[in-house]
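In: Sequence first, then the predicted structure, then my questions.
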Amino acid sequence: MNTLETRPEVAIVRTGSANIASVSAALTRLGAVPRITDEPDLVREAAIAVLPGVGAFGAAMARLRARGLDEAIRDRVRDERPLLAICLGMQLLCDSSDESPGVAGLGIVPAHVGRFACDERVPQMGWNRIDPSDDCALLEPAWMYFAHSFRVERVGCGAGIATSSYGGSFVSALERGTLLACQFHPELSGTSGLALMRRWMARATAKAVAPC
Amino acid sequence: MLTRRIIPCLDVRDGRVVKGVRFQGLRDAGDPAELAARYEAEGADEITLLDVSATPEGRATAADTVAQVRRVLGIPLSVGGGVREVADAARLLDAGADKIGLNTAAVLRPELLSECAERFGSQCVVVAIDAARVSGGLFAWEVRIRSGAEATPIDAIAWARRAEAMGAGEVLLTSWDRDGTRCGYDLELTRAVSSAVRIPVIASGGAARSEHLLAAIDAGADAVLAASIFHDGEFTVAGVKRFLSKRGVEVRT
């Protein structure tokens, strides 16, 4: 049995101030070996990677660019290597954000990140339902935990998406092959979040051990 | 739709969960990681861990406790108690906290809120307010600091607003008068703060029955925190949620 299949190593991209401990703990519970890194080569080439992130869009992009991690992540997604992007990580994949006007995102997902335009409390803090479109393979209807002030209202590409409602509909997750981006925190969403990560890991490891 | 959250609270001293009225007459209530895991299994939406250690030696164990809880916990963990500076917050986040509660240190130096918000994001920063009723003054509730032992001339409602402006992403609102009394939350206080700020508000202090949690939610609380009613096994989180759900409150099931 290949070690990758039994205890796959997962690179967690160090974006600066993200609290990585919860992601690490969840991956460990799934039987993976988390490895926190800001080495561009590792971020580009690792069999499986997670892009977490909390804090501000502009500051996080500046840190990624300073380390050359922006290019590494773009290359990784272009080469269809598995990536799970969480919360701000999902927002960083987009073109731009109201949070940091004028700052270019990674441009991997053709979308703009907007402020919640509603009377609801911000941040949205707590558990909300996700409702996946029919073409989703990984995302299933579930309660997930959210903690965010900005969100993607719509995406322009042909990815499977899940939507949630908070003063109107927004994109709570999207998937395209082994790219999974979640506005919610699967690592903090109890058994439903862990189940989603397990499905993604299964698909990611299957891909990682497939011959090139 | 976003659901209302039920948050069991673990008061931790020297690595053990304790309970007592206003931190007097403490009794041992178990192992933090064990209790946290049990509450998650029962359907808790989040866990709050408050370090109530009285000594620096006790405080030093807080990060270890957080790490032990994190290992077994798959839902959000909010940690407060004794956070004086950004480095303290960073240490607890590294250990596995998802949110940091700031109380006395933020009252003494409100910039701590913005420093933490800039570094970790507002969703990470909880302003914990201990509010006590005052009579005959210019305002109805004053802010208490140092675990409630010290009064301040600060209006709790104004402080909640200021903390929001400084970058806090959530209010943990504890009624000093009701805490540990089992008479129910201070609903007027909950209502006043909930309508004064746009960030989520967690009601705390005084819960003894499911009806109390329902009343706080009706008064505007986005989440309700309780400690002893869950530790005693008197109520389970699942039971409380069934009660709330039957009365039309959206909860995660």
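Out: Nice, thanks for sending it over. Everything quoted here is computed from the prediction, not taken from an experiment.

In: pLDDT-wise, which helix or strand of the chain ranks last?
Out: Since you didn't name a chain, this refers to chain A. Sorting the helices and strands of chain A by mean pLDDT, DSSP states H and E puts helix A:3-6 at the bottom, at a mean of 51.

In: looking at chain B here, not the other one
Out: Across the helices and strands of chain B, mean confidence by mean pLDDT, DSSP H and E is lowest for helix B:56-60: a mean of 76.

In: contacts for that one?
Out: Here helix B:56-60 makes contact (Cβ atoms under 8 Å, 6 or more residues apart in numbering or on different chains) with B:13, B:14, B:15, B:51, B:53, B:82. C-betas here are computed from N, CA, C, even on glycine.

In: List the buried residues of the longest helix anywhere in chain A.
Out: The longest helix of chain A (DSSP state H) is helix A:190-209. Across helix A:190-209, burial judged by 16 or more other Cβ atoms under 10 Å in any protein chain shown covers A:190, A:192-194, A:196-201, A:203-205, A:208.

In: near chain B at all, that helix?
Out: Yes: Helix A:190-209 comes into contact with chain B (Cβ under 8 Å from any Cβ of the partner chain), by way of A:190, A:191, A:193, A:194.

In: Let me see the mean pLDDT of that helix.
Out: Taken as a whole, helix A:190-209 has a mean pLDDT of 91.

In: what does stretch A:114-131 give?
Out: Taken as a whole, stretch A:114-131 carries a mean pLDDT of 94.

In: okay, how far is it across it, tip to tip?
Out: 20 Å (Cα to Cα, to the nearest Å).

In: what do you get for stretch B:80-87?
Out: Start-to-end, stretch B:80-87 (Cα to Cα) is 14 Å.

In: buried sites along it?
Out: Across stretch B:80-87, burial judged by 16+ other Cβ under 10 Å covers B:80, B:81, B:82, B:83.

In: can you list the weak-confidence ranges in the chain?
Out: Since you didn't name a chain, this refers to chain A. A:1-6, A:17-18, A:208-212 (pLDDT under 70).

In: Switch to chain B, please.
Out: In chain B (pLDDT under 70), the answer is B:20-25.

In: Please repeat the previous calculation with a cut-off of 80.
Out: For chain B, applying pLDDT under 80 flags the ranges B:20-26, B:54-60.

In: near chain A, which residues of it?
Out: Contact residues (Cβ under 8 Å from any Cβ) of chain B with chain A: B:1-5, B:40, B:45-46, B:67, B:70-71, B:73-77, B:93-99, B:118-124, B:169-170, B:198-200, B:222-223, B:252.

In: Is chain B within reach of stretch A:30-45?
Out: No: Stretch A:30-45 does not reach chain B (Cβ under 8 Å from any Cβ); its nearest approach is 10.6 Å.

In: how far away is residue B:171 from residue B:162?
Out: Residue B:171 is 11 Å from residue B:162, where distance means Cβ to Cβ, to the nearest Å.

In: so where do the helices sit in the stretch 1-150 of chain B?
Out: Assigned by DSSP state H, counting those that start in this stretch, the helices in the stretch 1-150 of chain B fall at B:32-42, B:56-60, B:62-72, B:86-95, B:104-108, B:111-120.

In: Those: which one's closest to residue A:35?
Out: Of all those, it is helix B:86-95 that lies closest to residue A:35, at 16.0 Å by Cβ to Cβ.

In: can you give me the strands for chain A?
Out: A:9-13, A:33-37, A:49-51, A:83-86, A:96-97, A:112-115, A:124-132, A:142-148, A:150-152, A:160-165, A:169-176, A:179-182 (DSSP state E).

In: Please tell me how far the shortest one is from the chain's geometric centre.
Out: I take that to be strand A:96-97. Remark: strand A:96-97 is offset 16 Å from the chain centroid, using Cα atoms, centre = their mean, to the nearest Å.

In: now swap in stretch A:85-99 and tell me
Out: Remark: stretch A:85-99 is offset 9 Å from the chain centroid, using Cα atoms, centre = their mean.

In: Name the residues of that stretch that come out as buried.
Out: A:85-94, A:96-97, A:99.

In: Also near chain B: which of these, exactly?
Out: Among those, the ones lying near chain B by Cβ under 8 Å from any Cβ are residue A:88.

In: what about residue 149, neighbour count?
Out: You didn't say which chain, so I picked chain A. As a burial measure, residue A:149 scores 17 neighbours (other Cβ atoms under 10 Å in any protein chain shown).

In: looking at chain B here, not the other one
Out: 11.

In: quick one on the thing from earlier: going by distance to residue B:27, which of the residues of helix A:190-209 next to chain B wins?
Out: Lowest distance from residue B:27 to the residues of helix A:190-209 next to chain B (Cβ to Cβ) belongs to residue A:190, with 29.6 Å.

In: Tell me which residues touch that closest one, please.
Out: Taking Cβ under 8 Å, 6+ apart, we find residue A:190 in contact with A:143, A:145, B:40, B:74, B:75.

In: make it 7 Å
Out: B:40, B:74, B:75 (Cβ atoms under 7 Å, 6 or more residues apart in numbering or on different chains).

In: And the nearest residue to residue A:91 once chain neighbours are set aside, how far from residue A:165?
Out: Nearest residue to residue A:91 in three dimensions, chain neighbours excluded: residue A:113, at 4.6 Å (Cβ to Cβ, 6 or more residues apart in numbering or on different chains). Using Cβ to Cβ, residue A:113 is found at 18 Å from residue A:165.
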